[in-house]
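Colleague: Build me a model from this:
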Amino acid sequence: MAEHITDASFEEIVLKSALPVMVDFGATWCGPCKALAPVVEQIAEEYAGRAVVAKADVDECPETSAQLKIRNVPTVLFFKNGQQVDKSVGAVPKAQLTEKLEQLFK
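Modeller: Okay, the predicted model is just below:
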């Protein structure tokens with residue numbers, strides 16, 4: 001199951017993680033976000049123990065969303081060693097997200 005992130009937990013869960021991290025920024029009122037949600041959960045299960053897969057609601061994480069310049073939802077950010085290294089905007093196919101996540105292991 002994907003971790004739920006708040007402004008307070010972002011640094012601990014994402015930036016200090018020893019594992020690669022994928023964070024899905026979305027909102028409850030966003031249709032494409034709802035479509036992407038089951039895909040994110042599948043990826044969370046498949047990568048359990050190898051990567052951190054997390055979800056952040058932009059309305060619940062206004063500071064983090066502003067710092068990371070989240071303009072559209074869904075936006076999925078990829079982090080390695082505390083640094084953002086990639087991003088995906090919009091409801092994209094699962095293969096596109098897993099391909100970006102796999103790059104973090106190299």
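Colleague: buried ones in stretch 65-83?
Modeller: By 16 or more other C-beta atoms under 10 Å, the buried positions in stretch 65-83 come out as S65, L68, I70, V73, P74, T75, V76, L77, F78, F79, K80. (Glycine included, C-beta is placed from N, CA and C.)
Colleague: Which pair of the residues you listed spans the longest distance?
Modeller: Greatest spatial distance among those (C-beta to C-beta): V73 and K80, at 22.5 Å.
Colleague: picking that back up, show me the buried residues of stretch 65-83 that map onto strands.
Modeller: Per DSSP state E, strands hold the following members of those: T75, V76, L77, F78, F79, K80.
Colleague: Just grab the bridge partners of the second one for me.
Modeller: With DSSP bridges as the criterion, V76 is bridged to D24, S88.
Colleague: does it really touch D24, like I thought?
Modeller: Yes. Using C-beta atoms under 8 Å, V76 is in contact with D24, at 5.0 Å.
Colleague: Between the two, which contacts overlap?
Modeller: By C-beta atoms under 8 Å, 6 or more residues apart in numbering, V76 and D24 have these common neighbours: L36, V40.
Colleague: sorry, back to before: out of the ones in strands among the buried residues of stretch 65-83, who's nearest E60?
Modeller: Of these, the one sitting nearest to E60 (C-beta to C-beta) turns out to be T75, at 14.9 Å.
Colleague: Please identify the nearest residue in space to the closest one, excluding sequence neighbours.
Modeller: F25 (4.7 Å; C-beta to C-beta, 6 or more residues apart in numbering).
Colleague: Neighbours of that neighbour, how many?
Modeller: F25 has 25 neighbouring residues, counting by other C-beta atoms under 10 Å.
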